[in-house]
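Colleague: Got a sequence here, can you build the structure:
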Amino acid sequence: MAKSATNHRLKIAENADVTVVNFLDKRILDEPTIQAIAEQLFSLVEQDGKRKLLLNFTNVEYMSSAALGKLINLHKKLQACSGRLAMCHVIPQIYEVFSITKLDKIFKIFPTEEAALESFN
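Modeller: The predicted structure follows:
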């Protein structure tokens, strides 16, 4: 991993041409937290020009449905600029929400960071 930066809600690292994002919050529930995370994710695409994002959910235990909406928006932003989004280390409770809402069909979700990184090649 080359450079690594930590913002208040996300730890961001580069792995070749993929931007790996680790969430620092265990619970992504309240509106200010969700908004801060969304702004940071959107700015990676809009300001920094990142086109390949990997969201690593290792630390995340809970996530509200409002956060799902932000992830859908991020996916749309990336699609609009021919970018790609992948996720990894999603715990069963959160994966179940993706499954119930059919988002597991939209998002590419992998068991490990390595598998997710390979999907970008």
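Colleague: Okay, now the unreliable bits of this structure?
Modeller: Low-confidence segments of the chain (pLDDT under 70): 1-7.
Colleague: Can you list the residue ranges for strands in it?
Modeller: Here the chain has its strands, by DSSP state E, at 4-6, 10-15, 18-23, 27-28, 52-56, 62-63, 84-88, 108-110.
Colleague: Contacts for stretch 37-47 next, please.
Modeller: Residues from elsewhere that reach stretch 37-47 (Cβ atoms under 8 Å, 6 or more residues apart in numbering): 7, 9-10, 12, 19, 21, 23, 25, 28, 50-51, 53, 67, 70, 73-74, 77-78, 81, 83. (Each C-beta comes from the backbone N, C-alpha and C, glycine too.)
Colleague: are any of these buried, and which?
Modeller: Buried subset of the contacts of stretch 37-47 (neighbour count, 16 or more other Cβ atoms under 10 Å): 9-10, 12, 19, 21, 23, 25, 28, 50-51, 53, 67, 70, 74, 77-78, 83.
Colleague: Between the strands of the chain, which one is closest to residue 102.
Modeller: Residue 102 lies closest to strand 108-110 among the strands of the chain, at 12.6 Å (Cβ to Cβ).
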